[in-house]
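S.K.: For reference, the sequence and a predicted model appear below.
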Amino acid sequence: MPVREYEPYGLPVHDAEESLLIIRQLMERSTKHSTFSGLSGVLAGVYAISGCLIQWLAFPRATILFTHPVRAFLALWSVVVLLAIGTDFILTKRKAVYVGKTIRSRLGQQMFLASVPGLGTGALLTLFLSRWNAGNMLVYAPPFWMLCYGSAVCSVGLFSQREVSRLGWAFLIGGALTLGMQILFAGSAGSIGLAMTGLTFGGLHIVYGIAVSRRDGW
């Protein structure tokens, strides 16, 4: 049957195809959260808490770390970040295959690109503070991590479910509170930053991971 019979308003065929493409992308967007792994969120939180415990317990007792404290700090948290990213990639890929999707979709690429500015800014700020460590500036890295990570998560939340945006806002609030407390109680800035890192990157990720797993499975 001719296509024109289905175009009572004179809508061109290419416009109809474009509309169908947009609808398909919106449907994909609405179900994209099913590829997220709740277990990866929980494990990311465990990695962050472990990093905080190592820094709190091991660093003061290891004399070799005081020779290169900045390198030790950067190495510890680089390992934590790599473990979190690697675990998330593996588990999300496994979940995507299970539900018949792929993490390399166009929407997945958009989500990745949306997170790059925030995460990249956090990395640059960390390197900048590490170069000015004469004044122990790295104690102020955690709130900026929270703020940059929160911005990245909020950007990703535009393409995902509401829980992701809420997680991003929770990090933004946590970063602002941490920075404010460090300014008010400068003498305890290091302890405040470490405690809030465990609370946000550890606690919030675990809570989020459990919430996602209860709805979409591990």
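M.R.: Received, thanks.
S.K.: okay, now Ala44: neighbour count?
M.R.: The local packing of Ala44 (other C-beta atoms under 10 Å) involves 24 other residues. Using the backbone N, CA and C atoms, a C-beta is placed for each residue, glycine as well.
S.K.: Tell me how far it lies from Phe144.
M.R.: Distance from Ala44 to Phe144, counting by C-beta to C-beta, to the nearest Å: 19 Å.
S.K.: wait, what's in contact with Ser130?
M.R.: Contacts for Ser130 were tallied using C-beta atoms under 8 Å, 6 or more residues apart in numbering; they are Val70, Phe73, Leu74, Met137, Leu138.
S.K.: quick one: secondary structure of it?
M.R.: State at Ser130, reduced to three classes by DSSP: H, G, I helix; E, B strand; the rest coil: helix.
S.K.: number of nearby residues for Gly122?
M.R.: By other C-beta under 10 Å, the residues close to Gly122 number 21.
S.K.: Just the pLDDT at His28, thanks.
M.R.: Just so we're on the same page, residue 28 is Glu rather than His. The per-residue pLDDT reported for Glu28 equals 51.
S.K.: and what of Arg24?
M.R.: Predicted confidence (pLDDT) for Arg24: 57.
S.K.: Likewise for Gly122?
M.R.: 95.
S.K.: swap in Met111?
M.R.: 80.
S.K.: For it, give its distance to Cys154.
M.R.: When Met111 is compared with Cys154 (using C-beta to C-beta), they lie 12 Å apart.
S.K.: for Gly180, same thing?
M.R.: For Gly180 relative to Cys154 (C-beta to C-beta), the value is 20 Å.
S.K.: And those two? Which one has more around it.
M.R.: Higher neighbour count among Gly180 and Cys154: Cys154, with 20 against 12, using other C-beta under 10 Å.
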